[in-house]
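S.K.: Below is the structure, and that's it, no one-letter string:
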C-alpha cells in the first residue's frame, strides 16, 4: 500500500505513537510519505527518525510570510514555477468564491505545493481531527486521492470542539471514509458529535514494549525514593497538583526525589511553585528528553504520577503514552480519573486513580504505596501485562493494516466486532483488550 500521513508538525518527541505507526508500516513493506504543515525541532529527535531516514520522506508546506506583499510575491513564484506540474490544483486553490479566506490568504496554494508530484495514495491517514478537515479540502482540490482515515487523539476532540463548536466536524463525518479514536472515551465523544458509530473504532496509541524492559520495583530501607512524571509542562498534564502532593509527602518521607521530564509553557510558573514550597532540592524539572533518556529515568524510578486534568480551554487526555511506558517497565502509578486514563489504569491492580486537581488525594495514594511497597511487584507486573496485551505497537500496527485493507476492499471494518477486539477496558471492564 501507498500511505500518506498528514501531521501538524514533524518530528515531535512527544508523538512517538505516530512514529511507531509509520515505522511499523515501513517494516511491513508499505510505502509511507509524511506531509507536515510545519517543521519540528530537529535538535533532539527520536532515534527512529534517523534510523528510518524519515526526514527524506517528509514534505513540508512552505513557510507562509506574515507580510502580505512578501506572501503575494512568494506565492506568485511558487504558482508559476509549479504550474507545469499540475495546474488544476493550483488554479482551484485560488477560488475565493468557494474557499473564502483560505484561498484569499493564499494558504491553500501553499498547502498544495508539496503534493503536486505525489497525488496518488491508497490511504491518507490524518493524525488529529482538524487535519481530516484539511485532507477533505486537499482531496477536493485534486492534490491528493485515496481513502481518508482520521484519528482522534485528544485536544482535537476536546479543545478544538469547544473552540469551534459542536458542528465543526460535520463535513468530515459526512465525507471521511473511516475514523479511529485512541480510547472509548473519545469514541463516544465523536459519536455524540455526529460520527456514524459503524465508521469509528477504538485503536489505541501504541508503544514498543520491547524497548521498555520490565523490572520488578522494590525499596531498600535507606534507599532514596524516586518518583517520576514524564509529560509536557502544559495545563492539562496537571503537574502543579503532583508537585503540591509530593511537597506534602516530603514532610513524612524526606528521602524522596521527584523528577519531571518535559518542557512547555508552564516551566517558569512550575519552577516558581517549587521554589515557593521550598522543595527545590527534592523536586526537579529535567527539561525535554528523548526516548533513550526517558527510559534511563524510568529505569531508576520506583513510582510514577500522571495527574492529568481537564484544562480551562477544554483540552483532555487519552490514556497517556508516557504512563503506558512507566507501566510497561513495572512501575506502580498514581493517575487521575480523567479522559481515557481509567481505560488504562485498573484501580488497585496496577495503580490508583484519584479525582482531578486533588493534591491531597495524590499525596494520600503515594503514602499508601510507600507504606505497602511489598505490593509493588504485583502491581508492576499487572501494569506490564495490561500494556503488553492492549497497547503493544506491533499488534496495533497489524490491526491498522487490516483496517486499511478492509477500506480498500470497500467493506468498512465491522464496528461491532472490531470494537470488542480493539477497545481497552471499555466502560470499566478489566477483561477487554485491543
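M.R.: Cool, the structure landed. Everything numeric here is computed off the predicted structure, so don't read it as measured data.

S.K.: where does the chain dip in pLDDT?
M.R.: Low-confidence segments of the chain, defined by pLDDT under 70: 118-119, 410-434.

S.K.: Could you tell me how many residues sit around residue 38?
M.R.: By other C-beta atoms under 10 Å, the residues close to residue 38 number 12. (C-beta placed from N, C-alpha, C; glycine too.)

S.K.: Can you tell me how far it is from residue 99?
M.R.: Applying C-beta to C-beta, to the nearest Å, the value for residue 38 to residue 99 is 21 Å.

S.K.: now swap in residue 52 and tell me
M.R.: Per C-beta to C-beta, residue 52 is found 35 Å from residue 99.

S.K.: and if you look at residue 56?
M.R.: Remark: distance between residue 56 and residue 99 (C-beta to C-beta) = 32 Å.

S.K.: quick one: which of the two has more around it?
M.R.: Using other C-beta under 10 Å as the criterion, residue 56 and residue 99 rank with residue 99 on top: 18 against 7.

S.K.: what helix or strand is the more buried one on?
M.R.: helix 96-104 (DSSP states H and E).

S.K.: can you list contacts of that helix?
M.R.: If you take C-beta atoms under 8 Å, 6 or more residues apart in numbering as the criterion, helix 96-104 is touched by 93, 94, 95, 108, 109, 137.

S.K.: where do the strands sit along the stretch 251-400 of the chain?
M.R.: Along the stretch 251-400 of the chain, the segments classed as strands by DSSP state E, counting those that start in this stretch run 256-261, 283-287, 303-306, 333-336, 351-354.

S.K.: any chance of those strands in CSV, plus distance to residue 81 and mean neighbour count?
M.R.: Formatted as CSV, these follow (distance: least, C-beta to C-beta, whole Å; neighbours: other C-beta atoms under 10 Å):
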stretch, distance to residue 81, mean neighbour count
strand 256-261, 44, 21
strand 283-287, 42, 17
strand 303-306, 49, 27
strand 333-336, 52, 27
strand 351-354, 56, 24
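
S.K.: closest to residue 85 out of the ones you listed?
M.R.: Proximity to residue 85 (C-beta to C-beta) singles out strand 283-287 among the strands of the stretch 251-400 of the chain, at 43.3 Å.

S.K.: what's the domain layout of this structure?
M.R.: The chain resolves into domains spanning 2-202, 210-389 when parsed by automatic domain parsing.

S.K.: Could you save the ones you listed as CSV and add columns showing distance to residue 402?
M.R.: Formatted as CSV, the domains of the chain follow (distance: least, C-beta to C-beta, whole Å):
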stretch, distance to residue 402
domain 2-202, 11
domain 210-389, 18
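
S.K.: what about those, which gets the closest to residue 398?
M.R.: Smallest distance to residue 398 across these (C-beta to C-beta): 8.2 Å, for domain 2-202.

S.K.: Span of the closest one from start to end?
M.R.: 23 Å (C-alpha to C-alpha, to the nearest Å).

S.K.: 41 is where my numbering starts, stick with that
M.R.: With the count now opening at 41, the last piece we talked about shows up as domain 42-242.
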